[in-house]
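**Q** Build me a model from this:
(one chain, ligands or ions: 1)
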Amino acid sequence: MSELDKEIHRRRTFAIISHPDAGKTTLTEKLLLFGGAIHVAGAVKSNKIKKTATSDWMEIEKQRGISVATSVMGFEYDGYKINILDTPGHQDFAEDTFRTLTAVDSVIIAVDVAKGVETQTRKLMEVCRMRNTPVMIFVNKMDRDGKDPFDLLDELEEELKINVRPLSWPIDSGQSFKGVYNLYQEKLDLYTPSKQTVTESIEFKDIQSPELEKHIGDSLAAKLREDIELIQGVYPELDIEAYLNGQVAPVFFGSALNNFGVKELLDCFVKIAPSPRPIEAVERVVKPEEEAFTGFIFKIHANMDPNHRSCIAFVKICSGKFERNVNYKHVRFNRQMRFSSPTAFMAQKKETVDEAFAGDIIGLPDTGNFKIGDTLTSGEELHFKGLPSFSPEMFKYIENADPMKTKQLQKGIDQLMDEGVAQLFVNQFNGRKIIGTVGQLQFEVIQYRLLHEYGAQCKWEPINLYKACWIESDNDAELENFKKRKAQYMAKDKEGRDVFLADSNYVLMMAQQDFKEIRFHFTSEF
Ligand code: G4P
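**A** Numbers count the residues shown, from 1 in each chain. Have a look, this model is predicted:
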């Protein structure tokens, strides 16, 4: 195996996703502790915006500063190079999370044992499903009373639309939680409720052995044997191929806060989770082991300090090796560029790196050259796809509030949209600009940033819209007819694609019924 192959195969790039409060931050922190990347608990400042701060934009700005540092957390563990990509917890930034999911090779979902599958988990899983991303599930907070584990497995399968296979199994729960039987490593992991202690782990290949009674008592031993028998009967052995294809999710139980079950999750994860996978570009499929460097920008993080208007463009390396001060082609500009201070992210530090490999994420300081989805290559004309825009959920007209600053406003809107802060649609009938977001907070972010970074003032005006959907058809005449009939509701997105603005679910349904040959898409990738 070549050096390049070795480097690539030991990489595990993933994201932890969850509904807020399920334990994503705690789990991340415990993983970093195992990697020796941090030494004390509490060191990871959560990227999440505290509930109390949702309307306090200045507070959010402060927290955004922190979130650059924790955007990517790289560390070494057991010979593996692990890259955890952080995702904003606040649902108003869900679009950011969606895009981050395009840069990972797999995902760990944290679920609260008491709450089960929640809205945000469901939505994020939809994105994983679109891309067949391999998924592992960590059922968290086993030290608290929660749902019956078998019921929970049913719920996971039903709500997340994926088969599951438990690889560990809880012994009782809540106050009387005793630990788990680890089916993956065939051992008994006993729980002591303390944040510091290391789990007592006993190799236990034969669950029928009377030794089991000694550790967990008669009735729990009998129950565990019964449960395991049921599991073996109902759930087929874990099929790694099926996991890698996103068809079955291994499930672990534990308590992140008590550092229980996390190492077991990690040990299994590094073994079975995929190293960087081939990525589809418009022109061809790009394999990570290819010598030539390729990568794409999946996230742009603006520096909020108005005195230093600069950004960090986050690049996912798709193939080969990236080197500092080497010329690469910015495909959209058809121009060579080299980067003297690319940064890598090790736990909480950013540092300049000389080289990075497929699977890694690097940050490139940028002053407006990049937009989301841009491709960098060693020279090839290549365009990575798969950075979908999702139909926004909230819409407002954006209007100029300072006629002297029209140009600034225009530039600001353009750049913020390139950064992926929100989506812009231009109504083709009246020429008005509409901004679509997934949450109210984004409107505040835009207004604030337009003023502070571009000196432009905007105001919002209400518009009654239910959904924006991208339309296409093989029948040109029908498409033209539709556009004519719905002229008032037709818009173009930033790429000039046709978008239908439906003002109610009813209108949308009628349109779908009346125009059978038109396809209505709720993501821009089709
Ligand atoms: P998030 O990033 O998914 O939003 O969740 P986070 O890790 O911040 O965890 C949410 C809350 O759940 C935190 O409590 C955290 O301490 C708690 N928690 C995480 N894992 C466990 C667990 O295994 N058992 C129990 N009982 N609780 C757990 P908080 O009070 O909201 O925050 P904090 O003040 O403790 O930071």
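**Q** Could you point out the helix or strand that follows the helix or strand bottoming out on mean pLDDT in the chain?
**A** Ranked by mean pLDDT, DSSP states H and E, the helix or strand of the chain with the weakest confidence is helix 57-69, at a mean of 54. Downstream of helix 57-69, the next assigned helix or strand under DSSP states H and E is strand 72-77.
**Q** Enumerate the residues of the stretch 251-400 of the chain near the ligand.
**A** With Cβ under 6 Å from any ligand atom as the criterion, the stretch 251-400 of the chain meets the ligand at residues Ser255, Ala256, Leu257, Asn258. Where you see a C-beta, it was placed from the backbone N, CA and C, and this is true even at glycine.
**Q** Show me where the protein has its helices.
**A** Taking DSSP state H as the criterion, the chain contains helices spanning 3-9, 24-34, 57-69, 94-100, 119-130, 149-160, 211-216, 218-234, 240-244, 262-272, 406-418, 440-454, 476-485, 505-514.
**Q** what comes into contact with the first one?
**A** Under the contact criterion Cβ atoms under 8 Å, 6 or more residues apart in numbering, helix 3-9 has outside partners Met1, Lys81, Ser275, Pro276, Pro288, Glu289, Glu291, Gly320, Lys321, Phe357, Ala358, Gly359.
**Q** What are the buried residues along that helix?
**A** Within helix 3-9, the residues scored as buried using 16 or more other Cβ atoms under 10 Å are Leu4, Glu7, Ile8, His9.
**Q** Please tell me I have it right and Phe75 contacts Ile82.
**A** Yes: the pair formed by Phe75 and Ile82 meets the contact definition of Cβ atoms under 8 Å, at 5.5 Å.
**Q** re the thing from before, columns pLDDT and neighbour count on top of the residues of the stretch 251-400 of the chain next to the ligand, output as TSV?
**A** As requested, these are exported to TSV (pLDDT from 0 to 100; neighbours: other Cβ atoms under 10 Å):
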residue	pLDDT	neighbour count
Ser255	94	25
Ala256	93	25
Leu257	91	19
Asn258	90	22
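**Q** Could you measure from Ile137 over to Ser168?
**A** Counting by Cβ to Cβ, to the nearest Å, the gap from Ile137 to Ser168 is 11 Å.
**Q** any shared contact partners between those two?
**A** In the contact map built from Cβ under 8 Å, 6+ apart, the residues linked to both Ile137 and Ser168 are Val251, Phe252.
**Q** which of these two has more neighbours?
**A** Set Ile137 next to Ser168 and count neighbours by other Cβ atoms under 10 Å: Ile137 wins out with 28 against 25.
**Q** tell me, what residue is most central in the protein?
**A** Note on the chain: the residue nearest the mean C-alpha position is Leu101, at 3.5 Å, using Cα atoms, centre = their mean.
**Q** for the residue lying closest to that one once chain neighbours are set aside, what are its contacts?
**A** If the residues on either side of it in the chain are set aside, Leu101 comes closest to Val127, at 5.1 Å by Cβ to Cβ, 6 or more residues apart in numbering. By Cβ under 8 Å, 6+ apart, the residues touching Val127 are Phe98, Leu101, Thr133.
**Q** Based on its surroundings, how many neighbours for the first one?
**A** Residues contacting Phe98 under the criterion other Cβ under 10 Å number 22.
**Q** And the pLDDT at it?
**A** The predicted local distance difference test score for Phe98 is 82.
**Q** hmm, back to that, could you export the helices of the chain as TSV, including distance to Phe390?
**A** TSV is the format used below for the helices of the chain (distance: least, Cβ to Cβ, whole Å):
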stretch	distance to Phe390
helix 3-9	30
helix 24-34	21
helix 57-69	21
helix 94-100	6
helix 119-130	8
helix 149-160	18
helix 211-216	47
helix 218-234	35
helix 240-244	25
helix 262-272	28
helix 406-418	14
helix 440-454	13
helix 476-485	22
helix 505-514	16
